[in-house]
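Visitor: Next comes the sequence, and after it the predicted model I'd like to discuss.
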Amino acid sequence: MVEVKQGEISLVDLWEVLVKQKVVIGAVWLVAVLLALAYVSLATPIYKVEAFLLPPSQKDIQPLNVPVLDRSRSSERLSHYESEDVYRLFIQSLKSKSVRRGFYESYSVAKQLGLKEGDNPDTFFEERFSKKLLVNQNVKKKEEEGFVSVSLEGEDPKLMAQWVNVFVEETANIVRKRLVGEVEGKVKSLETSVEDLILGKKTLAKDRREDRIIILQEALSVTQSLSEQDQQVKRLNSIAVNTKELPLYLLSPNALKAEIKVLKSRQDDAPFIKGLRDLEEKMASLGAVSIQGDKIKPFYFDQKAIVPEKPIKPKRMLIIILAGLMGFLLGVVVAFIRSAEGGASKEIKGKIL
């Protein structure tokens, strides 16, 4: 038979202690469970709402890709956007502090979240709204990069769901306005450039016409000063060089006078300006540009945020189970302490007696 050495504690001794102190253990366990039940009953439930987003197709951003007529190139693309670029800008805007602040102020979020007079507005915005409004994107997997969710935690699930859906839509509107503004800015800039070219060509054409008049008048003066003999030589020379461009002074005075008269009486140089009509056509094409911003879709709702039925906090069952386990362990500790104190007390009494 195996004897237990003096000073050692066997499992049987431990079991006996637990059996003797079962009431204490049960009482501690019950108190822990009751406290956990009280906590989960009184704790404010926190809900999580989540909306799921997908990138747009190329067709959804087509209004941003504006072609402009250009005769030299058949057509010229004023702006070009890819769906990935637009979606990336949209995701960045969802994370933007300024966009969040704008929504926060426009929809009186602080008031509905219970901002008090002594609270710091900036801290309240950061802690109670911005940090809880999460944009989740799996950037590690390229094929899943487009799947994005926007989530928000709060006490009122209906209000949280409404906020998330409206926030996503409002952000999309901001992105639309920004993109439309960029394209309209490019159109305006190109219009200004083409307008300057047209004005420059017209101004230059007037200067060239006046220069031509001066040149013709000088040639007329030269040809009128020639003698009869010189006139005969001039006619012979004109016959000899008729395959080449004639100097102006070789033309007849009547021809020179006629051209001078026509140039002076000209009211509009436009028909004689090379490339002017192409520029005017391009200007008309730019003026006809109309971007339908309401048809631009920076994202797709895979699923809008819906009102959840169950809160995510507190986790009632988990808290009760953990409380029961901790209560039992604490009860066991208390039982051993009471047993040890009881044993010490008997030993002291034995010595006194």
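Guide: Sure thing, it's come through. Residues are numbered from 1 along each chain as shown.
Visitor: need the strands for this protein, in chain order.
Guide: 47-54, 67-70, 74-77, 134-137, 148-154, 300-303 (DSSP state E).
Visitor: counting contacts, what elements does the fourth one pack onto?
Guide: Put plainly, it is strand 134-137. When contacts are defined as 3 or more Cβ pairs under 8 Å, 6 or more residues apart in numbering; DSSP states H and E, strand 134-137 sits against helix 83-95, strand 148-154. The way it works is simple: take the backbone N, C-alpha and C, and place the C-beta from them, glycine included.
Visitor: again, only this time at 6 Å
Guide: Other elements packing on strand 134-137 under the criterion 3 or more Cβ pairs under 6 Å, 6 or more residues apart in numbering; DSSP states H and E are strand 148-154.
Visitor: do the last one as well
Guide: Based on contacts counted as 3+ Cβ pairs under 6 Å, 6+ apart, the elements that strand 300-303 packs against are strand 47-54.
Visitor: can you check the longest one too?
Guide: Identification of packing neighbours for strand 47-54 by 3+ Cβ pairs under 6 Å, 6+ apart yields strand 148-154, helix 157-224, strand 300-303.
Visitor: on that earlier part again, is it possible to export the strands of the chain to CSV including mean pLDDT and distance to Glu105?
Guide: Below are these laid out as CSV (pLDDT from 0 to 100; distance: least, Cβ to Cβ, whole Å):
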stretch, mean pLDDT, distance to Glu105
strand 47-54, 95, 21
strand 67-70, 65, 39
strand 74-77, 57, 39
strand 134-137, 91, 20
strand 148-154, 94, 17
strand 300-303, 93, 25
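Visitor: Where does pLDDT dip in this protein?
Guide: 1-9, 68-77, 139-145, 226-246, 249-250, 342-353 (pLDDT under 70).
Visitor: re the thing from before, could you dump the strands of the chain to a markdown table with distance to Arg176 and mean neighbour count?
Guide: A markdown table is the format used below for the strands of the chain (distance: least, Cβ to Cβ, whole Å; neighbours: other Cβ atoms under 10 Å):
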| stretch | distance to Arg176 | mean neighbour count |
| --- | --- | --- |
| strand 47-54 | 15 | 20 |
| strand 67-70 | 20 | 17 |
| strand 74-77 | 20 | 11 |
| strand 134-137 | 19 | 14 |
| strand 148-154 | 18 | 20 |
| strand 300-303 | 14 | 13 |
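Visitor: Show me the one of those that comes nearest Ser285.
Guide: For Ser285, the closest of the strands of the chain is strand 67-70, at 4.0 Å, according to Cβ to Cβ.
Visitor: just to revisit the earlier point, figure out which of the strands of the chain is closest to Ala219.
Guide: Using Cβ to Cβ, the strands of the chain put strand 67-70 closest to Ala219, at 39.4 Å.
Visitor: May I see the helices and strands packed on strand 47-54 arranged in a markdown table, with distance to Lys59 as well?
Guide: Formatted as a markdown table, those follow (distance: least, Cβ to Cβ, whole Å):
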| stretch | distance to Lys59 |
| --- | --- |
| strand 148-154 | 20 |
| helix 157-224 | 15 |
| strand 300-303 | 12 |
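Visitor: Return the most buried member of these.
Guide: Among these, strand 148-154 has the highest mean neighbour count (mean count of other Cβ atoms under 10 Å), at a mean of 20.
Visitor: sorry, back to before: to Ser96, which of the strands of the chain lies closest?
Guide: Nearest to Ser96, of all the strands of the chain, is strand 134-137, at 10.1 Å by Cβ to Cβ.
Visitor: Using CSV, list the CA coordinates for that closest one.
Guide: The C-alpha atoms that make up strand 134-137 are tabulated as CSV, following Å, rounded to 0.1, in the frame of the first residue of the first chain:
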residue,chain,number,x,y,z
LEU,A,134,-14.7,52.4,-40.9
VAL,A,135,-13.9,51.8,-44.6
ASN,A,136,-12.7,48.2,-45.0
GLN,A,137,-10.8,47.2,-48.1
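Visitor: Neighbouring strands of that strand in the sheet, and parallel or not?
Guide: strand 148-154 (antiparallel) (DSSP bridges).
Visitor: how much does the partner strand deviate in direction from helix 83-95?
Guide: 10 degrees (axes from the mean of the first three to the mean of the last three Cα atoms, to 10 degrees).
Visitor: May I have strand 148-154 as PDB, with CA atoms only?
Guide: This file holds the C-alpha atoms of strand 148-154, laid out as PDB (Å, rounded to 0.1, in the frame of the first residue of the first chain):
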ATOM      1  CA  VAL A 148     -15.200  47.600 -50.000                       C
ATOM      2  CA  SER A 149     -17.500  47.900 -47.000                       C
ATOM      3  CA  VAL A 150     -18.400  50.900 -44.900                       C
ATOM      4  CA  SER A 151     -19.400  50.200 -41.300                       C
ATOM      5  CA  LEU A 152     -20.500  52.200 -38.300                       C
ATOM      6  CA  GLU A 153     -21.200  51.200 -34.700                       C
ATOM      7  CA  GLY A 154     -23.800  52.900 -32.500                       C
END
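Visitor: what angle separates that strand from strand 47-54?
Guide: Going by the same axes, to 10 degrees, strand 148-154 is angled at 170 degrees with respect to strand 47-54.
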